[in-house]
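Student: sharing a sequence plus its predicted fold:
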Amino acid sequence: MTDSKYFTTNKKGEIFELKAELNNEKKEKRKEAVKKVIAAMTVGKDVSSLFPDVVNCMQTDNLELKKLVYLYLMNYAKSQPDMAIMAVNSFVKDCEDPNPLIRALAVRTMGCIRVDKITEYLCEPLRKCLKDEDPYVRKTAAVCVAKLHDINAQMVEDQGFLDSLRDLIADSNPMVVANAVAALSEISESHPNSNLLDLNPQNINKLLTALNECTEWGQIFILDCLSNYNPKDEREAQSICERVTPRLSHANSAVVLSAVKVLMKFLELLPKDSDYYNMLLKKLSPPLVTLLSGEPEVQYVALRNINLIVQKRPEILKQEIKVFFVKYNDPIYVKLEKLDIMIRLASQANIAQVLAELKEYATEVDVDFVRKAVRAIGRCAIKVEQSAERCVSTLLDLIQTKVNYVVQEAIVVIRDIFRKYPNKYESIIATLCENLDSLDEPDARAAMIWIVGEYAERIDNADELLESFLEGFHDESTQVQLTLLTAIVKLFLKKPSETQELVQQVLSLATQDSDNPDLRDRGYIYWRLLSTDPVTAKEVVLSEKPLISEETDLIEPTLLDELICHIGSLASVYHKPPSAFVEGSHGVHRKHLPVHIDTGESPVSGGPAAAMDQPHVIPSQGDLLGDLLNLDLGPPVNVPQVSSMQMGAVDLLGGGLDSLVSLHAHSTAPVNYIYVGQNFIPSSVPSTFAPSPTPAPQAASSGLNDLFELSTGMAITTGGYAAPKAVWLPAVKAKGLEISGTFSRRQGHMYMDMTFTNKALQHMADFAIQFNKNSFGVIPTSPLPIHTPLMPNQSIDISLPLNTIGPVMKMDPLNNLQVAVKNSIDVFYFSVLIPLNIFFVEDGKMERQVFLATWKDIPNENELQYQIKDCHLNAGCNCVPCLFPQLSLKCRAPEVSQYVYQMYDSVLKN
């Protein structure tokens with residue numbers, strides 16, 4: 001007979017009988033009684049009064065009976081905390097039982113009894129189990145630490161259990177490792193800033209070794225842990241990817257998605273032009289396709305994750321678009337998701353197939369699916385310009401079917417096509433007007449009214465069409481009313497003589513008869529505009545409209561990067577960060593993709609390009625910028641400089657420096673000199689770049705005392721040379737944000753002088769800036785001083801102070817600076833060349849003997865000579881550069897010389 005018999009008794013006095021049976025001397029009777037107690041507890045009866053009798057049954061060698069008693073204890077310990085202490089001795093005893101199953105059972109139950117009073121008694125048994133000889137006991141104890149931490153975190157930390165967990169990462173048994181990782185990961189979620197897992201290359205290697213041998217759920221724990229690791233360079237990232245890739249062929253879809261998450265994160269660190277990067281993209285495609293052969297529910301989860309992956313890296317699945325074609329028996333939620341991904345993968349190469357499919361879908365019976373299919377045709381037209389004509393033709397065919405909801409959806413998307421391709425497909429307006437009477441949905445009516453108003457000059461009876469909508473003005477939705485008001489004002493501005501009465505009627509309805517504040521305000525604005533300045537009204541209302549973007553439903557890039565870090569979790573299904581739906585502190589810690597910047601190593605170094613360490617970010621006020629995207633930089637913006645011409649080994653010094661230095665009041669010296677210090681930053685420079693504030697005029701040049709002053713006795717103005725501002729970031733590459741700038745040095749400090757201009761249609765806020773490592777360690781001293789939103793067409797000039805105490809990394813070219821600027825819209829990247837003169841100190845003069853000794857100290861092979869051309873400082877000029885247009889440079893770092901010359905030449909000519 002089965003155990004169902006225990007659920008069928010309904011006798012009176014049952015508790016009393018059970019009490020007697022629990023105290024029976026025979027083991028079998030006691031076991032039967034405990035089963036009856038558990039059955040009663042399962043169906044909701046209160047059997048807590050039997051607590052002491054059930055606890056007495058713990059003293060048994062029977063594993064099945066012990067399991068039942070522990071099950072009872074877990075359920076009732078919280079309601080009977082005083083009695084639960086009675087079981088402590090049994091737990092301690094069971095933790096030393098010869099049978100590992102009983103030891104593990106005891107430690108598992110300890111973790112599930114959430115009673116503060118008894119947790120302190122359980123520390124010693126748990127400590128022993130964490131070092132037990134049997135791996136089954138150790139892996140159970142690892143999970144128990146996480147449960148105990150949830151009850152009393154301070155006690156777990158004080159007792160050193162976290163260190164014991166870390167030690168288990170090096171355990172020989174893969175399942176123990178997996179459980180230790182799972183426990184530490186869960187604990188670290190409640191302590192987001194602590195480095196509990198201590199991920200380093202040694203630990204990562206241990207995890208990767210365990211990955212191949214543990215169970216599928218253990219693999220998921222380890223893969224999730226690996227996704228939180230930031231490799232130190234490309235080589236390490238590639239090595240991890242190679243060892244994770246075999247998990248893509250696992251039968252469990254959760255393991256596959258966890259492996260995809262790791263690879264998607266580490267792809268950020270690999271150079272896009274490498275063979276391995278392209279091979280990895282190809283390997284990611286088959287497992288994602290395989291996920292779509294499962295049950296509909298699994299398919300849906302896979303599709304939601306694929307949607308994110310396609311937005312981040314469409315090239316992974318660009319050849320697999322047929323997989324996303326809808327099947328007749330797919331549930332509606334799968335169909336809609338497939339449709340969305342199809343549009344994201346649509347391109348010129350596959351648009352014919354996609355359109356044929358969409359046209360087929362538009363004849364289905366499911367209304368929601370048909371609507372989305374028609375909308376998808378419009379999105380294809382906007383995304384793939386070459387297909388626009390075919391899409392419009394397909395939409396016209398669908399309009400001819402006269403199916404009401406198809407016609408209405410088609411008109412809505414045709415309006416968007418008109419916005420994208422103005423003056424191209426307006427010949428179809430007549431066909432659209434034929435369906436005017438059948439439109440009953442607000443979106444479709446508003447779209448049709450917009451079309452009539454926008455192209456009123458091409459429609460003979462535009463006034464009649466709009467007047468027909470005006471008859472039921474107050475019955476329309478707000479969206480239709482607002483569109484109708486604007487459309488009639490447009491019509492009036494195009495045909496003023498014919499439509500004066502109509503515009504007065506609509507303005508009266510909007511301002512006097514309506515209680516909607518939006519409609520009333522717009523009506524008053526139009527009325528005031530038309531009555532005071534019709535020309536301005538025309539410029540405002542009939543102004544050129546910005547083209548609509550290709551993808552209007554893309555996830556914002558920083559959110560997308562965060563969601564990629566949560567592939568395989570609920571966040572990737574909801575398309576929301578965990579903080580949006582997880583209550584409390586758990587899960588709120590934000591994740592972000594690792595940052596990879598091409599380090600641009602020059603051939604001199606001979607080393608591979610190293611991945612950038614996680615940068616230090618200078619946040620704007622009220623915004624901690626923690627997730628800049630990978631810097632995908634174009635060529636540096638060149639500050640105006642003149643290319644150098646290196647001369648042969650000509651001895652410009654003639655009789656040597658001794659004779660040069662001894663010159664006083666004779667003719668001008670035969671050479672200009674610049675000393676560049678041992679580091680890249682020059683420590684002593686000519687006064688050209690930062691001259692003395694009050695130069696003493698002299699009748700004639702006096703050798704080194706007056707090397708760079710003009711022969712007229714007039715010195716170059718104070719403050720140092722600053723090149724004119726150049727456009728560093730054009731608006732077309734930064735969604736409307738334009739940044740132009742230059743570098744300058746003022747009163748001993750370096751500045752990055754920039755002009756931020758908002759050429760977009762929306763305001764911008766939350767500005768922040770970050771520099772990549774560079775040759776001179778240049779970093780901003782303070783956040784960007786933009787404290788108020790930057791409104792459309794507004795510009796703001798800022799001076800960002802800089803210093804040279806940041807991390808140093810040699811760039812190519814040497815003065816290249818890679819910059820990331822973040823605002824409320826996106827993160828943008830550009831690179832500029834720093835002119836070396838901003839590093840030169842104001843007091844650049846050297847004692848003659850010091851200069852001579854320094855010159856001789858630098859090896860002769862480090863000397864480079866340049867010719868200065870086209871120096872026209874003044875008519876009949878007798879300055880050193882004009883009389884002796886040659887420059888000799890000695891630098892301890894010879895590669896700096898050309899940049900010093902370029903700067904010298906640029907300053908001289910400006």
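Tutor: Everything's here; your move.

Student: can you give me the helices for the stretch 751-900 of the chain?
Tutor: For the stretch 751-900 of the chain, the helices defined by DSSP state H, counting those that start in this stretch cover 848-857, 880-883, 897-909.

Student: looking at those helices, which is nearest to Asn212?
Tutor: Minimum separation from Asn212 across the helices of the stretch 751-900 of the chain (C-beta to C-beta) falls at helix 897-909, 51.8 Å. C-beta coordinates here come from the backbone N, C-alpha and C atoms, glycine included.

Student: please name the nearest non-neighbouring residue to Asp120.
Tutor: That one is not Asp; residue 120 is Glu. Closest residue to Glu120 apart from its sequence neighbours, by C-beta to C-beta, 6 or more residues apart in numbering: Met155 at 6.7 Å.

Student: so the one you found makes contact with Leu126?
Tutor: No: using C-beta atoms under 8 Å, Met155 is not in contact with Leu126, being 10.7 Å away.

Student: neighbour-wise, which of the two wins?
Tutor: Leu126 (23 against 16; other C-beta atoms under 10 Å).

Student: which outside residues touch the helix or strand harbouring the more buried one?
Tutor: Using DSSP states H and E, Leu126 sits within helix 123-130. By C-beta atoms under 8 Å, 6 or more residues apart in numbering, the residues outside helix 123-130 that reach it are 91-92, 95-96, 103-104, 106-107, 110, 137-138, 140-142, 144-145, 148, 155, 159, 161, 164-165, 168.

Student: circling back: now do the shared contacts for Met155 and Leu126.
Tutor: Here Met155 and Leu126 have Leu148 as joint contacts, going by C-beta under 8 Å, 6+ apart.

Student: need the winner for burial among the helices of the stretch 751-900 of the chain.
Tutor: Comparing the helices of the stretch 751-900 of the chain by mean neighbour count (mean count of other C-beta atoms under 10 Å), helix 897-909 comes out on top with a mean of 22.

Student: from the contact counts, what lies against that helix?
Tutor: strand 672-676, strand 863-867, strand 886-891 (3 or more C-beta pairs under 8 Å, 6 or more residues apart in numbering; DSSP states H and E).

Student: rerun that using 7 Å as the cut-off
Tutor: strand 672-676, strand 886-891 (3 or more C-beta pairs under 7 Å, 6 or more residues apart in numbering; DSSP states H and E).

Student: next helix or strand past the first one?
Tutor: Once strand 672-676 ends, the next helix or strand along the chain (criterion: DSSP H and E) is strand 726-729.

Student: and that following strand, what other elements does it pack with?
Tutor: Packed next to strand 726-729, using 3+ C-beta pairs under 7 Å, 6+ apart, are strand 737-746, strand 827-833.

Student: just the CA coordinates of it, formatted as CSV?
Tutor: Extracted as CSV, the C-alpha positions of strand 726-729 are listed here (Å, rounded to 0.1, in the frame of the first residue of the first chain):
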residue,chain,number,x,y,z
ALA,A,726,38.9,73.0,-33.5
VAL,A,727,35.8,70.7,-33.7
TRP,A,728,36.8,67.6,-31.7
LEU,A,729,33.4,65.8,-31.7
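
Student: show me the contact partners of it.
Tutor: For strand 726-729, contacts defined as C-beta atoms under 7 Å, 6 or more residues apart in numbering pick out 637, 639, 737-742, 828, 830, 832.

Student: let's have the helices and strands packed on strand 726-729 in a markdown table, adding distance to Tyr901 and mean neighbour count.
Tutor: Below are those laid out as a markdown table (distance: least, C-beta to C-beta, whole Å; neighbours: other C-beta atoms under 10 Å):
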| stretch | distance to Tyr901 | mean neighbour count |
| --- | --- | --- |
| strand 737-746 | 18 | 21 |
| strand 827-833 | 14 | 21 |
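
Student: in a markdown table: those strands, plus mean pLDDT and distance to Leu355.
Tutor: Putting the helices and strands packed on strand 726-729 into a markdown table (pLDDT from 0 to 100; distance: least, C-beta to C-beta, whole Å) gives the following:
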| stretch | mean pLDDT | distance to Leu355 |
| --- | --- | --- |
| strand 737-746 | 92 | 36 |
| strand 827-833 | 90 | 35 |
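
Student: Leu280: which of those strands is closest?
Tutor: Between these, strand 827-833 lies closest to Leu280; by C-beta to C-beta that is 23.6 Å.

Student: dump the closest one to CSV, restricted to CA.
Tutor: What follows is strand 827-833, C-alpha atoms only, in CSV (Å, rounded to 0.1, in the frame of the first residue of the first chain):
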residue,chain,number,x,y,z
VAL,A,827,28.4,58.2,-24.1
PHE,A,828,30.6,59.6,-26.9
TYR,A,829,34.2,59.1,-27.7
PHE,A,830,36.9,61.1,-29.5
SER,A,831,40.6,61.5,-29.5
VAL,A,832,42.8,64.7,-29.7
LEU,A,833,46.5,65.6,-29.8
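
Student: name the residue closest to the centre of this structure, please.
Tutor: Thr558 (3.0 Å; C-alpha atoms, centre = their mean).

Student: which stretch of helix or strand covers it?
Tutor: helix 557-564.

Student: just checking, what packs against that helix?
Tutor: When contacts are defined as 3+ C-beta pairs under 7 Å, 6+ apart, helix 557-564 sits against helix 296-312.

Student: return the list of helices and strands in contact with the helix or strand following the helix it packs on.
Tutor: Per DSSP H and E, the first helix or strand lying C-terminal to helix 296-312 is helix 332-345. Helices and strands touching helix 332-345, by 3+ C-beta pairs under 7 Å, 6+ apart, are helix 296-312, helix 367-383.

Student: in the host helix or strand of Thr486, which residues are buried?
Tutor: Using DSSP H and E, the element containing Thr486 is helix 478-494. Across helix 478-494, burial judged by 16 or more other C-beta atoms under 10 Å covers 480-494.

Student: what does stretch 567-580 give?
Tutor: Using 16+ other C-beta under 10 Å as the test for burial, stretch 567-580 gives 567-569, 571-573, 575-578.

Student: centre of the chain versus it, how much separation?
Tutor: 15 Å (C-alpha atoms, centre = their mean, to the nearest Å).

Student: residues near Pro807, how many?
Tutor: With other C-beta under 10 Å as criterion, Pro807 counts 14.

Student: contact partners for Leu197?
Tutor: Applying C-beta under 7 Å, 6+ apart, we find Leu197 in contact with 184-185, 188, 225.

Student: so which of those belong to helices?
Tutor: 184-185, 188, 225 (DSSP state H).

Student: save those residues as a markdown table, and put in neighbour count too.
Tutor: Conversion of these to a markdown table gives the following (neighbours: other C-beta atoms under 10 Å):
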| residue | neighbour count |
| --- | --- |
| Leu184 | 24 |
| Ser185 | 17 |
| Ser188 | 18 |
| Cys225 | 26 |
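
Student: same list, the residues you listed, but as JSON lines with distance to Glu434 please.
Tutor: Listed next are the ones in helices among the contacts of Leu197 as JSON lines, based on distance: C-beta to C-beta, whole Å:
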{"residue": "Leu184", "distance to Glu434": "68"}
{"residue": "Ser185", "distance to Glu434": "63"}
{"residue": "Ser188", "distance to Glu434": "65"}
{"residue": "Cys225", "distance to Glu434": "63"}
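
Student: which two in those residues are spaced the farthest apart?
Tutor: Distances among the ones in helices among the contacts of Leu197 were taken as C-beta to C-beta; the most separated pair is Ser188 and Cys225, at 9.6 Å.
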